[in-house]
Every structure is written in structure tokens, then in C-alpha cells.
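A.B. asks: Please work out how this folds:
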Amino acid sequence: MKHHNGDFYALLFQMKNIVRWGLMYNTRAENLSEHSMECAILCHALALIGNREFGKAYDPLRLLAAGLFHDMNEVLTGDLPTPVKYYNESIKNSYKEIERISGEKMLSLLSEETAREYRALLSLLPEEERIVKGADKLCAYIKCLQELGRGNREFSSAKTYNEASLKALGVPEVDYFMEHELASFTKNIDEVRL
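C.D. replies: All right, here's what the predicted structure looks like:
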């Protein structure tokens, strides 16, 4: 089979067509492309925090890239809402397998040499996985804060759930970010100091 790397990249550009938070009313729609960029920013920030505050040796650019590509399989699967994805262990495990297969299908569009590069990038150490998971959950929590700030009570339960999930992670970089950086996300643009 002749590989066309362009097909992989063209599919990645479809991330903007995958709508997140599909079961909930949103004051502002969010797509997968935006989420991936925001997750990448937070992965990078958490890596810097880890290195500076906790003596870690993360590669911030590797984690930035991991955040950018962490949901690439959703181009093929769409964004399954959390209440469905985690309804029970059977559905959770089945969906993990679907995500794995979708990721492999995406990588199969690349030449073997290029696919190897992406596999290496996406093969994270457990500590790196916790950073990406923390960044992903922080994105969800920030979305909840912003929606609630616009008066959308639809996100109140999601805020409570995501806040508890973030605390349960036990990732010191996430805890630090929540304590020192999170308050700015509830400000409007005029309140942000430039």
C-alpha cells in the first residue's frame, strides 16, 4: 500500500469540525482543534511548573506536542460525551479499544518511518501521561468556569465533577496551576492586566 502522508494531515485539519460538549447547551461552541491547542498550552505550562517548582526533568516541547495530538483519534470517532464514555467499565474499556484502533488507523496513513516518529511522540511515560491527563481535565474545568461565568448553569454539575477529578489526580503541577494560575480564567478581557 502506498502511503500518502497528506491524508493524515488533511484528517487532522478536520478536527475543527468535531464539536465538543455535544450533550450540553454552550454559550460558545468548542471544537476539537481549539481544545487540542489549549491542551497543548497547558501541557507545556505544567511541564515548566514541574521543572521549576518540583525538580522534574520534563521536555516541555514533547509534552506540548503530546497535548496537541492527544485526541487525534477523535477525527474518526467523534467526541463521545463523558457520561456515556464512563457509564460503566465495559463501555469504558470498549471505547478505549476503539480509540486505540482509530489512532492506529490514523497512523497507518503515514509512511512507516513517519508513523514511527508519531508513535514515539505518543508513547508517553506514566508521569508524562499524568501531565497530559491533567491538562485535558484542566481544559474541561476552565470551560466549565467560563460557561458558568456567562450565566450558563448547564455546566454546574460538570464543574463539580471536573474539580473533584482534578483533585483526585494527585498531580502536583495541576494543583500548583489551580492555586496560582486558575483565577485569571474567570476574568473578562478588561480585567486581565496587560
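A.B. asks: in what helix or strand does the residue nearest the centre of the chain lie?
C.D. replies: Per C-alpha atoms, centre = their mean, the C-alpha nearest to the average position across the chain is that of residue 136, at 3.4 Å. Using DSSP states H and E, residue 136 falls within helix 126-149.
A.B. asks: what's that helix packed up against?
C.D. replies: helix 32-54, helix 60-69, helix 156-169, helix 172-180 (3 or more C-beta pairs under 8 Å, 6 or more residues apart in numbering; DSSP states H and E). C-beta coordinates here come from the backbone N, C-alpha and C atoms, glycine included.
A.B. asks: right, and those - which one's nearest residue 127?
C.D. replies: helix 32-54 (8.5 Å; C-beta to C-beta).
A.B. asks: Give me the secondary structure label for residue 56.
C.D. replies: For residue 56, the assignment made with DSSP: H, G, I helix; E, B strand; the rest coil gives coil.
A.B. asks: what about it, distance to residue 186?
C.D. replies: 28 Å (C-beta to C-beta, to the nearest Å).
A.B. asks: Who has more neighbours out of those two?
C.D. replies: Using other C-beta atoms under 10 Å as the criterion, residue 56 and residue 186 rank with residue 56 on top: 16 against 12.
A.B. asks: Now for the nearest residue to the more buried one once chain neighbours are set aside: which residues touch it?
C.D. replies: In this structure, residue 56 finds its nearest non-sequential neighbour in residue 50, 3.8 Å apart by C-beta to C-beta, 6 or more residues apart in numbering. Residues near residue 50 by C-beta atoms under 8 Å, 6 or more residues apart in numbering: 56, 58, 131, 172-173.
A.B. asks: Looking at these, which one is closest to residue 76?
C.D. replies: residue 131 (24.9 Å).
A.B. asks: neighbours of the closest residue to the closest one other than its chain neighbours, just the number please.
C.D. replies: Excluding the flanking residues, the one nearest residue 131 by C-beta to C-beta, 6+ apart is residue 46, at 5.0 Å. Counted by other C-beta under 10 Å, the residues lying close to residue 46 total 28.
A.B. asks: Does residue 46 touch residue 135 like I think?
C.D. replies: Yes. Between residue 46 and residue 135 a contact is recorded at 5.8 Å, counting by C-beta atoms under 8 Å.
A.B. asks: on that earlier part again, separation between the residue nearest to the residue nearest to the centre of the chain when sequence neighbours are not counted and residue 50?
C.D. replies: Excluding its sequence neighbours, the residue lying closest to residue 136 (C-beta to C-beta, 6+ apart) is residue 39, at 5.5 Å. According to C-beta to C-beta, residue 39 and residue 50 sit 16 Å apart.
A.B. asks: Can you identify the element that follows the lowest-mean-pLDDT helix or strand in the chain toward the C-terminus?
C.D. replies: Here the helix or strand of the chain ranked lowest by mean pLDDT, DSSP states H and E is helix 82-85, holding a mean of 64. Counting by DSSP H and E, the next helix or strand C-terminal to helix 82-85 is helix 89-107.
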